[in-house]
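take a look and give me a structure for this.
(one chain, ligands or ions: 1)
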Amino acid sequence: MTEEKLSGDVFYPDEETVAKARVPDWHALAAEAEQDYLGFWEREAKELHWFAPWNQVLDDTQQPFYKWFTGALTNIVYNCLDRHVATARRNKLALIWEGENGDFKSLSYFALRRDVCRFANVLRSLGLVKGDRVTIYMGRIPELPIAMLACATIGAVHSVVFGGFTVEALADRIEDSQSKVLITCDGAYQRGKIVPLKQIADEALHRAGTVESVLVVKRTGEEVNMEQGRDMWFHELMNLPIASGPCKMEIVDAEDPLFMLYTSGTTGKPKAILHTHGGYMVGTYTTMKYVFDIREEDRYWCAADPGWITGHSYIVYGPLLNGTTSFLYEGAPTYPYPNRWWQMIEKYGINIFYTAPTAIRGLMRFGDAWPNRHDLSSLRLLGSVGEPINPEAWKWYHRVIGKDHCPIMDTWWQTETGMFMITPVPSLPLKPGSGTRPFPGLQMDILNEEGQPVGTNEEGYLVIKNPWPAMMRTLYKDPEKYLELYWSKYPGIYLTGDSARRDEDGYYWIIGRVDDVIKVSGYRLGTAEIESALVSHHAVAEAAAIGLPHELQGNAIHAYVILKVGEKVHDGLVEELRKHVAHEIGPIARPEKIEIVDSLPKTRSGKIMRRVLKARALGQDPGNLATLEE
Ligand code: WT7
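Next up is the predicted model:
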């Protein structure tokens, strides 16, 4: 490997890391993939099992509606489970789980496959067939991946709704997906309390009418309402004769949908990103393997929630495709004390740990003594995702958690991309705060308004110029929006919605979103969702939401509200509105601050100018106000 000399604050990998790395020379792999990116992905795809081969790696005749591995037959679950069960991995642990209250469960590949098959039989017996949508709304318990994999087994399309969302967010997603089945649990442990998921689900089902069956996992044992003829207990179904016996896996086309996942965009309600079996499988398998350098003996922990893309790709599918052992934890990192995570890394001997900057900043606040009480020497690799990581937090993570020897994989990607896009591999020199370079095979760039590449260290729009296998295929039921949101600013080029710069060494630095998406603690929320939740309160006529920098959460939501004529400001109104948003969308969407105002800055066509509100809140110059109406 050629010794690179890079500028700025650089952390070079140690010799041992490079010597053992699956990719000792990133540049060689990248050069090979650049020459022939389809050849690169095809070679990776051949490491997986297919029931019938593809005629074409990429079909771009209807771009940007790209198709990958056309003509191939597969099922991602076969590669996640069956493939391993047929080998010595049969008895290897697939999943280790700890509940917040100390409960414990582990499942070997054999056991996970058995439970997935049983549940797949249950789902079939309810009349579900290939293509049907199923909403999953649960806490972080093993039954969540089991439910996802069971859906995929029969070709049903899962739509997981994050357990931290509440009534309106859940109702919207059920309604839009027209799910016939909802899988949920009685409750979830969070910070020593119980989140009443079934109760929230009941309220959501009241507003959204397509669900015929509700399957409920008993987690807490709290009393819940079970509606006759609609609600059934998971454990009872799993013990019925229909659950046992062989389960016929649905052989699907590579392009058949695997799941949809709602995510917040620039306007209106959240949209469902659609991913498919074949390409998504190849993308998550390959990136997981190279970036986390997966080895047979690894124990891997991604501390995200399965309800977000990070959990789909790198708790459920990526780790299982690679036959690795994944750890899942139900609760909060600080419960009962701020050493909970470090304690579990020691207890389970975790080798690879992947989390978000907001969590790192939050735990850093409690000081070094908490992690220092624990033996963290099993760790060899760390990861970060969700928002830019500030160099200070990076260095703390590197020094205090990684003991100066664990490379940090800062992975930039999106719900839409399905897989890591800008990321190092362990042998690449790192710069705190930069995700380094595009993954091999990807052509990325940073463009100005006119579509020209910007100069070194200049800010511009981050774009992707060639297709990749795990890319979303469309927005569910809305192909026009897919074209408009992602492919219209620069024809033939994918617009990420982020701004970025590239330094003199070709390293990418993400600056942030350039649209109306707010990242709060790494969670993606749209201004429109928060605004419509506010307006659904009887006293509110109009609302505007913006994201302002926040030390721990990255961004905090501030909202401006105009009351309806005749409504009076009273003590407690602001608090009532904040609670209302938390009840409708979820606690993560609760605005930090709400100001009652008489007017909002708008364009002549009536659009709220959030950038003016933001500039005012930050005491900055609002810039060009030519279009401002009032
Ligand atoms: C947005 C996508 C993909 C997993 C979780 C988020 C931001 C994500 C990074 C990173 C800087 C990041 C971007 C992106 N983002 N990872 N490593 N460094 N920013 O998925 O909810 O779809 O959000 O998260 O702004 O566009 P998501």
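
how many other residues sit next to the closest residue to the ligand within the stretch 301-450 of the chain?
The nearest approach of the stretch 301-450 of the chain to the ligand comes at Thr415, 3.4 Å away (Cβ to the nearest ligand atom). In this view, the C-beta of every residue, glycine as well, is placed from N, C-alpha and C. Neighbour count for Thr415, taken as other Cβ atoms under 10 Å: 21.

just use 477 as the starting number from now, easier for me
Shifting the count to begin at 477 puts that one at Thr891.

and it, what is it in contact with?
737, 739, 749, 784-785, 948, 1000 (Cβ atoms under 8 Å, 6 or more residues apart in numbering).

looking at these, which one is closest to Leu839?
Checking the contacts of Thr891 against Leu839 by Cβ to Cβ gives Trp784 as the nearest, at 19.4 Å.

filter the contacts of Thr891 down to the buried ones.
Among the contacts of Thr891, the ones that count as buried by 16 or more other Cβ atoms under 10 Å are 737, 739, 749, 784-785, 948, 1000.

residues making contact with the longest helix along the chain?
Longest among the helix segments of the chain by residue count, using DSSP state H, is helix 585-601. By Cβ under 8 Å, 6+ apart, the list of residues contacting helix 585-601 from outside reads 553, 557-558, 560-561, 565-571, 583, 610, 621-623, 625-627, 629-630, 632, 657, 691, 710, 713-714, 716, 718-723, 725, 799.

repeat that for stretch 488-501.
With contact meaning Cβ under 8 Å, 6+ apart, stretch 488-501 is reached by 477, 505, 765-766, 769, 881, 883, 901-906.

for the residue in the stretch 577-726 of the chain that the ligand sits nearest to, give me its contacts.
Nearest to the ligand in the stretch 577-726 of the chain, going by Cβ to the nearest ligand atom, is Phe638, at a distance of 10.3 Å. With contact set as Cβ under 8 Å, 6+ apart, Phe638 has these partners: 781, 783-784, 1062.

can you select the buried ones from those in PyMOL?
Listed next is the PyMOL selection for buried residues among the contacts of Phe638, using 16+ other Cβ under 10 Å:
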select buried, resi 781+783+784+1062
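
quick check: residues of the stretch 627-776 of the chain near the ligand?
Residues of the stretch 627-776 of the chain lying close to the ligand (Cβ under 6 Å from any ligand atom) are Thr739.

quick revisit: mind putting the buried ones among the contacts of Thr891 into TSV with pLDDT and secondary structure?
TSV is the format used below for the buried ones among the contacts of Thr891 (pLDDT from 0 to 100; DSSP: H, G, I helix; E, B strand; the rest coil):
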residue	pLDDT	secondary structure
Leu737	98	strand
Thr739	93	strand
Ile749	98	strand
Trp784	95	coil
Ile785	97	helix
Met948	98	coil
Arg1000	93	strand
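
out of those, flag the one nearest to the ligand.
Arg1000 (3.5 Å).

identify the residue spatially nearest to that closest one, adjacent ones excluded.
Spatial nearest neighbour of Arg1000, excluding adjacent residues (Cβ to Cβ, 6 or more residues apart in numbering): Ser740 at 5.0 Å.

now swap in Gly998 and tell me
Going by Cβ to Cβ, 6+ apart, Gly998 has Gly862 as its nearest residue, at 3.1 Å.

likewise for Ile940?
The shortest distance from Ile940 to any non-neighbouring residue, by Cβ to Cβ, 6+ apart, is to Tyr970 (4.2 Å).

what does the pLDDT read for the one you found?
You'll see Tyr970 listed with a pLDDT of 98.

try Pro1025
If you check Pro1025, the pLDDT there is 93.

check the secondary structure at it for me.
strand (DSSP: H, G, I helix; E, B strand; the rest coil).

who does it bridge with?
Assessed by DSSP bridges, Pro1025 has beta-bridge partners Asn1031.

in contact with it, which residues?
1031-1032, 1094.

among those residues, which ones are buried?
Applying 16+ other Cβ under 10 Å to the contacts of Pro1025, the neighbour count classes 1031-1032 as buried.

just send the contacts of Pro1025 back as a markdown table, with distance to the ligand and pLDDT too.
Converted to a markdown table, these look like this (distance: Cβ to the nearest ligand atom, whole Å; pLDDT from 0 to 100):
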| residue | distance to the ligand | pLDDT |
| --- | --- | --- |
| Asn1031 | 10 | 95 |
| Ala1032 | 16 | 96 |
| Leu1094 | 19 | 93 |
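
out of the contacts of Pro1025, who's nearest Pro914?
Nearest member of the contacts of Pro1025 to Pro914, counting by Cβ to Cβ, is Asn1031, at 25.3 Å.

pretty sure the closest one sits against Ile1006.
No: assessed by Cβ atoms under 8 Å, Asn1031 is found out of contact with Ile1006, at 11.9 Å.

name the residues contacting each of the two.
Common contacts of Asn1031 and Ile1006 (Cβ under 8 Å, 6+ apart): Ile994.

who in this structure is up against the ligand?
Neighbours of the ligand within the chain, by Cβ under 6 Å from any ligand atom: 739, 785-786, 861-864, 886-891, 911, 972-974, 986, 989, 995, 1000.

out of the residues you listed, which sit inside helices?
Using DSSP H, the residues of the chain next to the ligand in helices are 785-786.

those helices in the stretch 727-876 of the chain, which residues are they?
753-767, 785-787, 794-797, 816-824, 833-840, 845-848, 867-872 (DSSP state H, counting those that start in this stretch).

tell me how many other residues crowd Gly547.
Here the count is done by other Cβ under 10 Å, and Gly547 has 14 residues near it.

so how far is Tyr554 from the nearest residue to it once chain neighbours are set aside?
Excluding its sequence neighbours, the residue lying closest to Gly547 (Cβ to Cβ, 6+ apart) is Asn531, at 4.0 Å. Distance of Asn531 to Tyr554, computed by Cβ to Cβ, to the nearest Å: 20 Å.
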